[in-house]
Structures are given as structure tokens and as C-alpha cells.
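Chemist: Sequence and predicted structure are below.
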Amino acid sequence: MSKKGILVVVSGFSGVGKGTLMKMLVEQHDNYALSVSATTRAPREGEENGREYYFHTVEEFQDMIRRQELLEYACYCGNYYGTPLCYVEEMLEQGKDVFLEIELQGAMKIREMYPEALLLFVMPPSAQELYRRLAGRGTESPEVIAARLRRAGEEAEGIENYDYVVINDQLEVCAEEMHRLIMSQHLLAERNLEFIDKVRKEVRQFLTK
């Protein structure tokens with residue numbers, strides 16, 4: 001069977017729980033790796049450089065763009081976000097399924113570069129629940145919350161471009177659903193052409209005996 005890892009793009013409205021879901025899956029299963037994004041936004045309380053994000057100045061981020069060190073990048077709510085290229089390629093070659101937490105614009109760029117990537121969009125059970133989660137963080141001003149809700153409205157217009165929608169109502173249930181979807185991708189015939197061809201040749205050898 002195919003040994004190369006799968007690139008898994010995870011998008012969703014701010015506050016929907018994307019990061020928590022991916023961290024849970026990485027802790028529960030050995031086959032996952034989480035790509036740490038680069039950003040120009042300020043760290044939130046408790047976040048560490050190199051763990052949640054690589055935090056950069058705008059000038060540093062623009063240097064990374066010029067050096068072509070990013071798989072994709074986009075501007076979201078006034079800040080740059082991007083995916084370092086080297087780590088992703090290394091993990092895929094090792095057979096790891098790599099999570100990329102990126103927004104819609106970046107996801108479409110990934111789809112162009114990696115048509116075989118799996119695109120998942122995480123949604124809340126309702127808009128009211130989304131607002132409750134954003135406000136419940138206690139880390140952002142009403143203006144920032146309003147900006148994120150406006151952005152959610154814009155992103156809602158592009159959800160149909162993803163492969164699957166998963167609803168994060170109960171965290172454990174949603175994580176298991178994501179895991180099943182990813183595992184099913186490994187069984188796609190188009191990902192296992194080498195194995196299929198091997199078995200075909202073995203069958204033909206039996207017929208010639």
C-alpha cells in the first residue's frame with residue numbers, strides 16, 4: 001500500500017476548535033504530524049514560539065516570501081499566515097499525514113499545488129455557538145470578534161470547495177470522524193497504483209505456471 005503521507009488541510013471559522021482537534025489527533029495517533037504555521041500576529045497568552053506558531057515581524061515574513069520558503073501564505077484579519085515548506089515535505093516522505101491549519105484562500109492554493117490533498121472544513125453546530133466560543137475566549141476585543149465573524153461570513157461562501165465538512169459539536173466525536181475520513185484516503189485506488197500493479201503481475205505469474 002502507499003507509504004507516502006497525506007496532506008490534510010483543516011480550515012474553519014475562527015473559534016471553531018480546529019487547533020484543539022488536530023492536537024488531539026496528533027496525541028492519539030502516531031501517523032500524524034502538525035505543521036506549525038508562521039504568522040505576524042501577536043502571541044496570545046500561553047502561546048510559545050515554535051509550538052502554536054512561529055511568530056515573525058512583517059519584515060521577516062516578507063523575507064520568507066522572497067526566499068520561497070513558504071508552501072502558501074495569506075493575509076487574514078490584518079496579519080500574515082503561512083506554511084513553512086521544508087517541514088511539510090520531510091514529514092510526507094516519512095509517511096506522516098501532515099495537518100495544515102489554514103484559511104480558505106490558502107487552502108485553494110494548496111489544492112492547486114497538491115490536487116491529492118484532503119480538504120476538511122470544520123464547522124460549529126450553529127452561528128450562535130460560534131459567537132459563544134469566540135466571546136468565551138476572553139482574549140479578544142469586541143472589534144476583533146466582530147472582524148472574525150465578518151470573515152466567517154465571507155468564508156461560508158467557499159465551503160463547498162472542500163472535500164468534507166465536519167461539525168465540531170462534541171470534540172471527541174468530531175476528532176474520530178476526521179480520523180476515519182483521513183484513513184479512508186489511504187485506501188483510494190489512485191493512491192495505491194504501485195500495489196495494484198504488483199498484485200496484477202503476481203497473478204499473471206501464477207497463470208503462466
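Modeler: Noted; the coordinates are in hand.
Chemist: Would you quantify the distance from the spatially closest residue to residue 21 that is not a sequence neighbour to residue 16?
Modeler: The spatial neighbour of residue 21 that comes closest, neighbours along the chain excluded (Cβ to Cβ, 6 or more residues apart in numbering), is residue 175 at 5.3 Å. The way it works is simple: take the backbone N, C-alpha and C, and place the C-beta from them, glycine included. Between residue 175 and residue 16 the distance is 13 Å, computed by Cβ to Cβ, to the nearest Å.
Chemist: pLDDT (mean, whole number) over stretch 179-188?
Modeler: Per-residue pLDDT over stretch 179-188 has a mean of 95.
Chemist: Just the C-alphas of that stretch, formatted as PDB.
Modeler: Extracted in PDB, the C-alpha atoms of stretch 179-188 (Å, rounded to 0.1, in the frame of the first residue of the first chain):
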ATOM      1  CA  HIS A 179      -9.600  10.300  11.700                       C
ATOM      2  CA  ARG A 180     -11.900   8.000   9.700                       C
ATOM      3  CA  LEU A 181     -12.000  10.300   6.800                       C
ATOM      4  CA  ILE A 182      -8.200  10.600   6.600                       C
ATOM      5  CA  MET A 183      -7.700   6.800   7.000                       C
ATOM      6  CA  SER A 184     -10.100   6.200   4.100                       C
ATOM      7  CA  GLN A 185      -8.000   8.300   1.800                       C
ATOM      8  CA  HIS A 186      -5.100   5.800   2.200                       C
ATOM      9  CA  LEU A 187      -7.300   3.100   0.600                       C
ATOM     10  CA  LEU A 188      -8.200   5.100  -2.600                       C
END
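Chemist: my guess is residue 34 meets residue 21, correct?
Modeler: No: judged on Cβ atoms under 8 Å, residue 34 makes no contact with residue 21 at a distance of 10.7 Å.
Chemist: These two: which has the busier surroundings?
Modeler: When neighbours are counted by other Cβ atoms under 10 Å, residue 34 and residue 21 differ, and residue 21 comes out ahead with 25 against 21.
Chemist: Find the helix or strand that the more buried one is a member of.
Modeler: According to DSSP states H and E, residue 21 maps onto helix 18-28.
Chemist: OK, contacts around the residue nearest to residue 21?
Modeler: 21, 24-25, 28 (Cβ atoms under 8 Å, 6 or more residues apart in numbering).
Chemist: out of the residues you listed, which is most surrounded?
Modeler: Counting neighbours by other Cβ under 10 Å, residue 21 comes out on top of these with 25 neighbours.
Chemist: Next, work out how far apart that residue and residue 101 are.
Modeler: Taken as Cβ to Cβ, the span from residue 21 to residue 101 is 9 Å.
Chemist: what pairs with the nearest residue to residue 43 once chain neighbours are set aside across the strands?
Modeler: Nearest non-adjacent residue to residue 43, counting by Cβ to Cβ, 6+ apart: residue 55, 5.6 Å away. Beta-bridge pairing for residue 55 (DSSP bridges): residue 39.
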